[in-house]
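*Asks:* could you work out the structure for the sequence below:
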Amino acid sequence: MSYAVKEMFLTLQGEGVQAGRRAVFVRFAGCNLWSGREQDRASAICRFCDTEFVGMDGLGGGRFADAAALAEAVVQMWDGGETDRFVVLTGGEPMLQVDDAIIDALHDAGFFIAIESNGTLPVHPRIDWVCISPKAGSETVQRAGDELKLVWPQPGSDVVAMEGWDFRHFLIQPLDDPNAAANQDAAMALVMERPRWRLSLQTHKMLGLR
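*Replies:* This next block holds a predicted model:
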């Protein structure tokens with residue numbers, strides 16, 4: 001199959017447990033929680049989305065004919081030798097497109113594969129690092145992985161129930177909107193009240209990275 005990619009770029013991972021790690025980000029086009037049409041934004045489940053996932057016109061984006069072509073583009077973007085290769089599959093919702101072929105191709109190229117998903121679709125079982133960011137109002141079917149990253153505040157999110165899910169790390173990330181200062185306070189308060197959670201900050205935004 002072919003793959004629709006909004007953008008692809010080399011940066012440092014800015015969030016979560018892997019923060020600070022050199023990474024190629026592959027942002028797949030499309031999301032199952034929003035049509036991508038501006039007129040539908042008001043009714044979208046995650047109106048706070050801070051990424052542009054519509055189309056294939058971003059830096060490094062395009063239509064890749066097959067898994068080999070996409071994996072080769074990731075290798076060229078990495079340009080950092082053959083060790084410690086790290087790729088993050090994100091979106092939109094990457095599991096709309098991620099399949100056996102691209103996982104095999106990236107592993108064959110020596111990459112450790114991470115995914116950032118909303119959890120509404122099962123994640124491919126051979127992905128090396130699974131980060132799920134649940135959205136209130138949607139059904140999270142992927143309830144196991146490496147890190148659960150909850151944007152906060154999200155009215156309707158049941159943090160007590162989430163603590164029963166099978167994740168190694170539980171992260172609270174302040175919502176980046178005009179109420180950012182209050183959101184940071186709310187996130188810190190939750191961590192102080194429920195110590196299983198840890199605070200995650202978007203350090204790439206602080207550093208001016210993509």
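
*Asks:* for stretch 136-150, buried residues please.
*Replies:* Buried residues in stretch 136-150, counted by 16 or more other Cβ atoms under 10 Å: 140, 142, 145-150. C-beta coordinates here come from the backbone N, C-alpha and C atoms, glycine included.

*Asks:* now, among the residues you listed, which is nearest to Glu7?
*Replies:* Each of those was checked against Glu7 using Cβ to Cβ; the closest is Lys149, at 20.6 Å.

*Asks:* from Phe64, how far off is the nearest residue to Ala4 once chain neighbours are set aside?
*Replies:* Distances taken as Cβ to Cβ, 6 or more residues apart in numbering place Ala29 nearest to Ala4, at 4.1 Å, with adjacent residues excluded. In this structure, Ala29 and Phe64 are 11 Å apart, going by Cβ to Cβ, to the nearest Å.

*Asks:* quick one: mean pLDDT for stretch 163-182?
*Replies:* Mean pLDDT, stretch 163-182: 96.

*Asks:* just the C-alphas of it, formatted as CSV.
*Replies:* What follows is the C-alpha trace of stretch 163-182 in CSV, where atoms were taken according to Å, rounded to 0.1, in the frame of the first residue of the first chain:
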residue,chain,number,x,y,z
GLU,A,163,-4.7,4.0,36.7
GLY,A,164,-6.0,0.4,36.2
TRP,A,165,-4.7,0.3,32.6
ASP,A,166,-1.5,-1.6,31.8
PHE,A,167,1.1,1.2,31.3
ARG,A,168,4.6,1.5,32.6
HIS,A,169,4.4,5.3,32.9
PHE,A,170,1.5,7.6,33.6
LEU,A,171,2.0,11.2,32.4
ILE,A,172,0.0,14.4,32.8
GLN,A,173,0.7,17.1,30.2
PRO,A,174,-0.7,20.6,30.6
LEU,A,175,-3.0,21.7,27.8
ASP,A,176,-1.4,24.4,25.6
ASP,A,177,-4.1,27.0,25.1
PRO,A,178,-4.7,30.6,26.3
ASN,A,179,-5.2,29.2,29.8
ALA,A,180,-1.8,27.6,29.9
ALA,A,181,-0.7,28.9,33.3
ALA,A,182,-3.9,27.6,35.0
